[in-house]
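# Just the structure for this:
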Amino acid sequence: MTFDKKKIALIVIGGVLALSFLVFLVLFAKYDRGGDPNNEDALLKLAHKAMEQDDPPLAAEYWRRLVSLNPFNEEYKKEHFHALIRVRDFKGVMSYTNSLPLETSLTDDERRFEELLVDANIHSATGAVEMARACYTEATNLNYFAATPLLIDLEVQNGRLAEALTLARPFLKRFPIPRLLVFAAEWCALAKRDDLIPEIQADCPANTKVSSVAFDYYCEALIAWTTSDTNKLATAKALTTEDYFRTPLSRLMRLESASLGDDPDRVASAYEDLRKMPKLLDFPLRGRLAVKNFIAAHFPNKLPLKQLASLADLVLADGEPDLDLLRVSFMAKLDNNSLNERDLEAAEKRFPNDKGLKLIRKWYAETKSR
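Below is the predicted model:
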């Protein structure tokens, strides 16, 4: 069957659906080229060796270089095509097949692999997690490099961090994908396995998109967070500003660190930053709790009531009713004559026996009677 543009497009769509937090291509430039870079025979041996070792990124790079050296060799072109399929670089596949007079077809294993990913996506979307897991697991036997991150993602999305780490640790030793390295270190912290963080640190190569120095600092921040070493957390976190570390957990860490200080603007900024991220585990609850703890630590007179109420309103805007935050918000609104009768009544219905609301009602009535 000719591998035409329509089939490529279908596979691309399947690939887009498969995973949101990983780009599967490891930087080809990080691999040791060895010997003469233009020695065709040596490169051919290296390409076959990479295939035998099931290293798709390295194999793809060697076949690319062989095609560049000998663009008329049909074997090289076909092997490069299949290598691109294995790393699921569909953009590269389309560019490659459009620029060369190449006709080829998927192998049975490649076709089965794509079918398994489609099935897994459907099962996952419909809540059939066990069936999705079975599909991804079978897919790892056909393409370990491309399928394992998908299986890891499924485990994380279902809160199975220990299982995700069991899969990620051997994978990262072979394929240290930058984004996955960062996530794996975070999973160690979330699973209370900070003893595994140094192992993940050691898997980060020096010449990759993630600075190994910055990654070391971030790992220190994660360990400080798990051990409640607030001083070390604040110091280490300040040194990790690269985009790779702007994850939901890093934002939660920033908020919890800010909540231990005295700057309401820093707390508000960190809370807004966390809200922008996809909801993960209990992060929204922990974020609200961090803001609430900050307000409690500075109420009633360590900071102006207006600033504390602004933080309270920020959390309440998420639609999460909280009696303590409502009191703070209402008291500030009483001060500037902006308390709404309807809001007060709704709070009284929800919390009918609260003495604080009754006192606010009394003050509100006195204000209106003047």
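# Excluding chain neighbours, what is closest to Phe299?
Spatial nearest neighbour of Phe299, excluding adjacent residues (Cβ to Cβ, 6 or more residues apart in numbering): Leu308 at 5.8 Å. C-betas here are computed from N, CA, C, even on glycine.
# Can you give me the separation between that neighbour and Val267?
Leu308 is 10 Å from Val267, where distance means Cβ to Cβ, to the nearest Å.
# pLDDT of the one helix or strand the residue nearest to Phe299 maps to, averaged?
Applying DSSP states H and E as the criterion places Leu308 in helix 305-316. Per-region confidence: helix 305-316 scores 96 on mean pLDDT.
# In that helix, which residues are buried?
With burial defined by 16 or more other Cβ atoms under 10 Å, the residues of helix 305-316 counted as buried are 305, 307-312, 314-316.
# what's the answer for stretch 151-159, then?
Of all the residues in stretch 151-159, those buried under the rule 16+ other Cβ under 10 Å are 151-156.
# and what of stretch 63-75?
Across stretch 63-75, burial judged by 16+ other Cβ under 10 Å covers 63-67.
# same thing with stretch 79-99?
Buried residues in stretch 79-99, counted by 16+ other Cβ under 10 Å: 79-90, 92-94, 96-97.
# cool, stretch 332-342 as well?
If you call a residue buried by 16+ other Cβ under 10 Å, then stretch 332-342 has these buried ones: 332-334, 339.
# Quick one: the helices in the stretch 251-370 of the chain, in order.
Taking DSSP state H, counting those that start in this stretch, the helices of the stretch 251-370 of the chain run over residues 264-275, 283-298, 305-316, 323-335, 341-350, 355-369.
# okay, the angle between the helix holding Leu308 and helix 283-298?
Counting by axes from the mean of the first three to the mean of the last three Cα atoms, to 10 degrees, helix 305-316 lies at 160 degrees to helix 283-298.
# What is helix 305-316 packed up against?
Contact analysis of helix 305-316 by 3 or more Cβ pairs under 8 Å, 6 or more residues apart in numbering; DSSP states H and E lists helix 264-275, helix 283-298, helix 323-335 as its packing neighbours.
# So Arg65 versus Ala59, what's the distance?
As judged by Cβ to Cβ, Arg65 and Ala59 stand 11 Å apart.
# Pretty sure Ala234 sits against Ser257.
Yes - Ala234 is within contact range of Ser257, at 5.1 Å (criterion: Cβ atoms under 8 Å).
# More neighbours: these two, which one.
Using other Cβ atoms under 10 Å as the criterion, Ala234 and Ser257 rank with Ser257 on top: 24 against 17.
# how far away is that one from Ala221?
Relative to Ala221, and taking Cβ to Cβ, Ser257 is found at 9 Å.
# average pLDDT for the helix or strand containing Ala120?
In the assignment (DSSP H and E), Ala120 maps to helix 108-125. In this model, helix 108-125 carries a mean pLDDT of 96.
# And for stretch 189-198?
92.
# Distance from that stretch to the middle of the chain?
Relative to its chain's centre, stretch 189-198 lies at 17 Å (Cα atoms, centre = their mean, to the nearest Å).
# contacts for it?
Contacts to stretch 189-198, defined as Cβ atoms under 8 Å, 6 or more residues apart in numbering, come from residues 161-162, 165, 169, 185, 188, 219, 222-223, 225-227, 249, 281.
# okay, those in JSON lines with neighbour count and secondary structure next?
Shown next, in JSON lines, are the contacts of stretch 189-198 (neighbours: other Cβ atoms under 10 Å; DSSP: H, G, I helix; E, B strand; the rest coil):
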{"residue": "Leu161", "neighbour count": "21", "secondary structure": "helix"}
{"residue": "Ala162", "neighbour count": "12", "secondary structure": "helix"}
{"residue": "Leu165", "neighbour count": "21", "secondary structure": "helix"}
{"residue": "Arg169", "neighbour count": "15", "secondary structure": "helix"}
{"residue": "Ala185", "neighbour count": "29", "secondary structure": "helix"}
{"residue": "Cys188", "neighbour count": "26", "secondary structure": "helix"}
{"residue": "Cys219", "neighbour count": "24", "secondary structure": "helix"}
{"residue": "Leu222", "neighbour count": "28", "secondary structure": "helix"}
{"residue": "Ile223", "neighbour count": "21", "secondary structure": "helix"}
{"residue": "Trp225", "neighbour count": "24", "secondary structure": "helix"}
{"residue": "Thr226", "neighbour count": "18", "secondary structure": "helix"}
{"residue": "Thr227", "neighbour count": "12", "secondary structure": "coil"}
{"residue": "Leu249", "neighbour count": "23", "secondary structure": "helix"}
{"residue": "Leu281", "neighbour count": "14", "secondary structure": "coil"}
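# do you know how far the closest residue to Glu256 other than its chain neighbours is from Ala346?
The spatial neighbour of Glu256 that comes closest, neighbours along the chain excluded (Cβ to Cβ, 6+ apart), is Ala290 at 4.8 Å. Going from Ala290 to Ala346 by Cβ to Cβ gives 26 Å.
# With neighbour numbers in mind, choose between the two.
When neighbours are counted by other Cβ under 10 Å, Ala290 and Ala346 differ, and Ala290 comes out ahead with 22 against 13.
# So Leu255 sits against Leu274, correct?
Yes - under the criterion of Cβ under 8 Å, Leu255 lies in contact with Leu274, with a separation of 5.5 Å.
# Mind listing the shared neighbours of these two?
Overlap of the contact sets of Leu255 and Leu274 (by Cβ under 8 Å, 6+ apart) consists of Gly287.
# Run through the stretch 251-370 of the chain and note the low-pLDDT ranges.
By pLDDT under 70, the weakly predicted segments of the stretch 251-370 of the chain are 370.
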